[in-house]
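3D, please:
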Amino acid sequence: MSANSQLFKFSNSQILFAVLVWSLLLLRFGYRFGTGDHVEYLPYVLYLGDHSLYPHDYYLQGLVEKIPNERSVVCVFLSLFKSHLETVCFILQFLTTVTLIVGLQKLGKAITQSSWVTRLAILINFFLLFNKGLGDVELYSDAVQGSSISVALIAFAFYYFFSNKFIRSTVLMSIASIIHPVEGLTVFMVLTATLFYFAFINQATSKKIFFQSVFIYVLTAGIFIAAFLFQKFDGTAIPNHELFFRIYHEFRHAHHYVFFYFPFIDKILF
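Residues are numbered from 1 along each chain as shown. As a prediction, the model looks like this:
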């Protein structure tokens, strides 16, 4: 079997393990629909089908004034199934979780050469260390959202990167960045810096591959992110920058940014 076909091959054991872990995650942490981050996604999805909805919702109206935005890709996709949102969201949560766990298995196997060590690491991360990461950000989500779809693609982006398939890795990072700009762009910067080292310092790969990867990303996700940022910062309803910072970082996203909010045991485990 060729190397290319091996890259796309998933063993039955990998898929079965992924489904088993998904089932255990549901039993342990449950499943959410219509709460949490869904209050930012689902009203937007419904609005796309009926613009008369939520005329006085400050968040939603501010969001739809700036297209593209951080929610637009996922919400436009979900709006295609607005009559069956509960079913579609559950199926997506299943598919993204299984895809993530299969991708992590392939990545771990490529690094450790051991399926059992990889699966043990996945179980420890998803169960013993779940919700212990700093910033309240985890690989797994009990409710499908843009980040969970993006992370599932990024797992395979890492796998392809470690398999020296840099163009495939870049394509997946580009798609992940369009779905969730922060997730995809962060990984792109880390892996591109690593690829720069491989190409220009270590010389383990060609400079051509480096420039091809950057070129592909810039012409795809780069254009989207530039348009997104232009819309995002083209004027604001809060002209006072200090007030904006206090609302965004200290009130809205304090659980991501304020270090003192993180429990001491989480700092140690992290």
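
got a list of what Val258 touches?
249-250 (C-beta atoms under 8 Å, 6 or more residues apart in numbering). Heads up, the C-betas are built off the backbone N, CA and C, glycines and all.

phi, psi of it?
Torsion angles at Val258 (phi, psi; degrees, to the nearest 10) stand at phi -90, psi 110.

Could you measure from it over to Gly222?
Per C-beta to C-beta, to the nearest Å, Val258 is found 31 Å from Gly222.

next one: Ile124
Taking C-beta to C-beta, one finds Ile124 at 36 Å from Gly222.

likewise Ile67?
18 Å.

Of the two, give the one with the bigger neighbour count.
Using other C-beta atoms under 10 Å as the criterion, Ile67 and Gly222 rank with Gly222 on top: 17 against 11.

Just the pLDDT at the more buried one, thanks.
Looking at Gly222, its pLDDT is 94.

Grab the longest helix from this protein for me.
Assignment by DSSP state H gives helix 85-112 as the longest helix of the chain.

After it, heading C-terminal, what element do we hit next?
As assigned by DSSP states H and E, the chain's next helix or strand after helix 85-112 is helix 115-123.

so what secondary structure elements neighbour that next one?
helix 12-29, helix 85-112 (3 or more C-beta pairs under 8 Å, 6 or more residues apart in numbering; DSSP states H and E).

Could I get the CA-only coordinates of the helix or strand just after that helix as PDB?
Using DSSP H and E, the helix or strand that follows helix 115-123 in sequence is helix 146-162. In PDB, the C-alpha atoms belonging to helix 146-162 read as follows (Å, rounded to 0.1, in the frame of the first residue of the first chain):
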ATOM      1  CA  GLY A 146     -16.800  26.400  15.700                       C
ATOM      2  CA  SER A 147     -13.900  25.600  17.900                       C
ATOM      3  CA  SER A 148     -14.700  21.900  18.200                       C
ATOM      4  CA  ILE A 149     -15.000  21.600  14.400                       C
ATOM      5  CA  SER A 150     -11.700  23.500  14.000                       C
ATOM      6  CA  VAL A 151      -9.900  21.400  16.600                       C
ATOM      7  CA  ALA A 152     -10.900  18.200  14.900                       C
ATOM      8  CA  LEU A 153      -9.300  19.400  11.700                       C
ATOM      9  CA  ILE A 154      -6.200  20.700  13.500                       C
ATOM     10  CA  ALA A 155      -5.600  17.200  15.000                       C
ATOM     11  CA  PHE A 156      -5.100  16.000  11.400                       C
ATOM     12  CA  ALA A 157      -3.100  19.100  10.500                       C
ATOM     13  CA  PHE A 158      -0.600  18.100  13.200                       C
ATOM     14  CA  TYR A 159      -0.600  14.500  12.000                       C
ATOM     15  CA  TYR A 160       0.100  15.500   8.400                       C
ATOM     16  CA  PHE A 161       2.800  17.900   9.600                       C
ATOM     17  CA  PHE A 162       4.600  15.200  11.600                       C
END
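
chain center to helix 146-162: distance?
In terms of C-alpha atoms, centre = their mean, to the nearest Å, the centre of helix 146-162 is found 7 Å from the chain centre.

ok, residues contacting that helix?
7, 41, 70-71, 73-74, 92-93, 96-97, 99-100, 103-104, 106-107, 110-111, 137, 139-141, 166, 168-170, 172-173, 175-177, 179-180, 183-184, 187, 191, 194-195.
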